[in-house]
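Engineer: what follows is a predicted protein model with its sequence.
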Amino acid sequence: MNTTTIAQSKPVLLSKKGMKELKKAISQLEHDRGQLIVSLRDLDKSNSHDSRLERIERLGQLELVDAELADKKATLQKARLIPPTRARLRVAIGSVVDLIDQQGRLFRYTLVESVEANPSDGRISIASPLGRSLLGKTVHDMVEWSAGLRQNQVRLVRIV
């Protein structure tokens with residue numbers, strides 16, 4: 001991939017936490033790559049049939065690590081921090097929202113790009129059904145979205 005393609009592509013907006021996790025993943029992949037290269041060098045010293053098979057397997061692993069590493073580095077090159085959301089009156093990427101469902105349960109989500117979405121950690125993608133429904137909403141709006149055949153509804157009570 002050439003640099004002009006990366007520079008012209010749409011930026012990926014990440015939270016500070018998402019940026020930190022991406023850098024940590026890159027560091028781990030670089031470490032794994034180094035370990036695979038060392039193990040390949042050790043295997044080069046042997047000529048047994050089993051060693052050749054293991055070498056082929058390690059080369060496949062190295063190829064997968066290299067591909068994932070290149071993908072994550074390209075994402076990091078395009079990554080920008082989500083702008084501060086302090087004075088926003090409408091939900092946008094980076095907004096932290098409090099929602100109440102019809103049973104009175106309170107949910108808190110941060111809207112993020114798909115790259116760093118992790119619903120169990122309270123980060124939902126703006127491309128998800130709920131995320132798309134939330135974009136542009138204001139406090140006290142009812143938010144409706146469908147998940148399969150089921151319709152869901154919550155009230156937006158706060159934008160942080």
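Structural biologist: That came in fine, so what should we check first? Numbers count the residues shown, from 1 in each chain.

Engineer: Ala127 contacts Val115, correct?
Structural biologist: No: Ala127 is not in contact with Val115 according to C-beta atoms under 8 Å; the separation is 10.4 Å. Using the backbone N, CA and C atoms, a C-beta is placed for each residue, glycine as well.

Engineer: those two: who's more crowded?
Structural biologist: The neighbour count for Ala127 versus Val115, taken as other C-beta atoms under 10 Å, is higher for Val115 (16 against 10).

Engineer: how far is the strand ranked longest in the chain from where the chain is centred?
Structural biologist: Criterion DSSP state E: the longest strand present in the chain is strand 150-159. When C-alpha coordinates are averaged (C-alpha atoms, centre = their mean, to the nearest Å), strand 150-159 and its chain have centres 23 Å apart.

Engineer: give me the contacts around that strand.
Structural biologist: Around strand 150-159, the neighbours that count as contacts under C-beta atoms under 8 Å, 6 or more residues apart in numbering are 85, 88-91, 95-102, 106-107, 130, 134, 137-146.

Engineer: Lys137 and Lys45, how far apart?
Structural biologist: When distances are taken as C-beta to C-beta, to the nearest Å, Lys137 and Lys45 turn out to be 63 Å apart.

Engineer: cool, Glu63 as well?
Structural biologist: Distance, Glu63 to Lys45, by C-beta to C-beta: 22 Å.

Engineer: check Gly18 too.
Structural biologist: Taken as C-beta to C-beta, the spacing of Gly18 relative to Lys45 amounts to 42 Å.

Engineer: and the helices in the chain?
Structural biologist: Applying DSSP state H to the chain gives helices spanning 3-8, 16-44, 49-78, 129-134.

Engineer: ranking these by burial, who's on top?
Structural biologist: helix 129-134 (a mean of 19; mean count of other C-beta atoms under 10 Å).

Engineer: any idea of the mean pLDDT in that one?
Structural biologist: Averaged across helix 129-134, the pLDDT comes to 94.

Engineer: can you show me the CA trace of it as PDB?
Structural biologist: Output for helix 129-134, consisting of C-alpha atoms alone and laid out as PDB, is shown next (Å, rounded to 0.1, in the frame of the first residue of the first chain):
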ATOM      1  CA  PRO A 129     -28.000  -0.600  14.800                       C
ATOM      2  CA  LEU A 130     -28.100   1.100  18.200                       C
ATOM      3  CA  GLY A 131     -25.100   3.400  17.300                       C
ATOM      4  CA  ARG A 132     -26.700   4.500  14.000                       C
ATOM      5  CA  SER A 133     -30.000   5.200  15.800                       C
ATOM      6  CA  LEU A 134     -28.200   7.300  18.500                       C
END
